[in-house]
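Enquirer: give me a model of this one.
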Amino acid sequence: MKNLLSALAIASLSTTIAAPLINQSISSNNNLQLNQAYQTKELYWYEGQTELEIEVSWAIDTTEVFSYIMDLGQDSISNYRTFSALDLNYQSYTKTSWGSDNYFGDTFKSIQNRSISSGFVNRRVETTADIINNSKIEMLNVHAVHGMAKMESVQKIGFSYYSDQNGNHMQLFGYQYAESWISMSGGYMSINIGQGIRLES
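Expert: Below you'll find the model as predicted:
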């Protein structure tokens, strides 16, 4: 799978809340475009502007959380009002497979012109429980039944911003959950979150 992320950036949860997870820091090749009426900033996950894709396998009962931090330098996110997804190739998606069946959710491209003040958490989100509680943007929610066997899956993401001694930062985080009953089949959960984020004043 293209640009599949290292497992070191993902922390697992079975039935209990885990300790603080490992965060992936991203040094972004960011473009700042100025206009007389407004200011935009495009933040890319990778310098090559390729998609950020996360895939995990699941069986019986699995929850996987992830967190990525992007450095903003001295630029403050308070200079911007809205954020939108950057999906230049229109390839973003969310998906859960159960056995041979695939279930698709919303695309990352659907996140457009959302308010930063209401859509971002104003602090760093660190623990597994914190990530699950603050992932408010639902990308996939599916309930499936085959005979007596059942499956449900949820994929959510969230954003935060914060400052520390090293400057200003934006954080992307989220979780993927799948569980089945009266079934030994598992599958994969995948989320492709495009090339990055556009901030607009």
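
Enquirer: and stretch 42-62, what's its mean pLDDT?
Expert: The average of the pLDDT scores along stretch 42-62 is 84.

Enquirer: how far off centre is it?
Expert: Distance, stretch centre to chain centre, for stretch 42-62: 7 Å (C-alpha atoms, centre = their mean, to the nearest Å).

Enquirer: now the longest helix anywhere in the chain: buried residues?
Expert: Taking DSSP state H as the criterion, the chain has its longest helix at helix 128-134. Residues Thr128, Asp130, Ile131, Ile132, Asn134 are the ones in helix 128-134 that count as buried (16 or more other C-beta atoms under 10 Å). Using the backbone N, CA and C atoms, a C-beta is placed for each residue, glycine as well.

Enquirer: with stretch 178-187 instead?
Expert: Residues Ala178, Glu179, Ser180, Ser183, Gly186, Gly187 are the ones in stretch 178-187 that count as buried (16+ other C-beta under 10 Å).

Enquirer: ok, these vs Lys95, which is closest?
Expert: Distance to Lys95, by C-beta to C-beta, is smallest for Gly187 among those, at 9.5 Å.

Enquirer: quick one, what contacts the closest one?
Expert: Applying C-beta atoms under 8 Å, 6 or more residues apart in numbering to Gly187 gives the contacts Ser57, Trp58, Thr96, Ser97, Trp98, Gly99, Ala178.

Enquirer: repeat that for Phe83.
Expert: Applying C-beta under 8 Å, 6+ apart, we find Phe83 in contact with Ile111, Arg114, Ile116, Gly119, Phe120, Phe159, Ile197, Arg198, Leu199, Glu200.

Enquirer: and Asp164, what pLDDT?
Expert: Asp164 carries a pLDDT value of 91.

Enquirer: give me the distance between it and Arg123.
Expert: Asp164 is 11 Å from Arg123, where distance means C-beta to C-beta, to the nearest Å.

Enquirer: tell me the helix or strand right after the longest helix of the chain.
Expert: Using DSSP states H and E, the helix or strand that follows helix 128-134 towards the C-terminus is strand 137-146.

Enquirer: can I get that next one in CSV? Just the C-alpha atoms.
Expert: Only the C-alpha atoms of strand 137-146 are listed here, as CSV (Å, rounded to 0.1, in the frame of the first residue of the first chain):
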residue,chain,number,x,y,z
ILE,A,137,-14.9,14.2,12.9
GLU,A,138,-16.6,10.9,12.0
MET,A,139,-15.3,9.5,8.7
LEU,A,140,-16.9,6.0,8.9
ASN,A,141,-19.5,4.3,11.0
VAL,A,142,-20.7,0.9,9.8
HIS,A,143,-22.8,-1.9,11.2
ALA,A,144,-23.0,-5.2,9.2
VAL,A,145,-24.7,-8.5,9.7
HIS,A,146,-24.1,-11.8,8.0
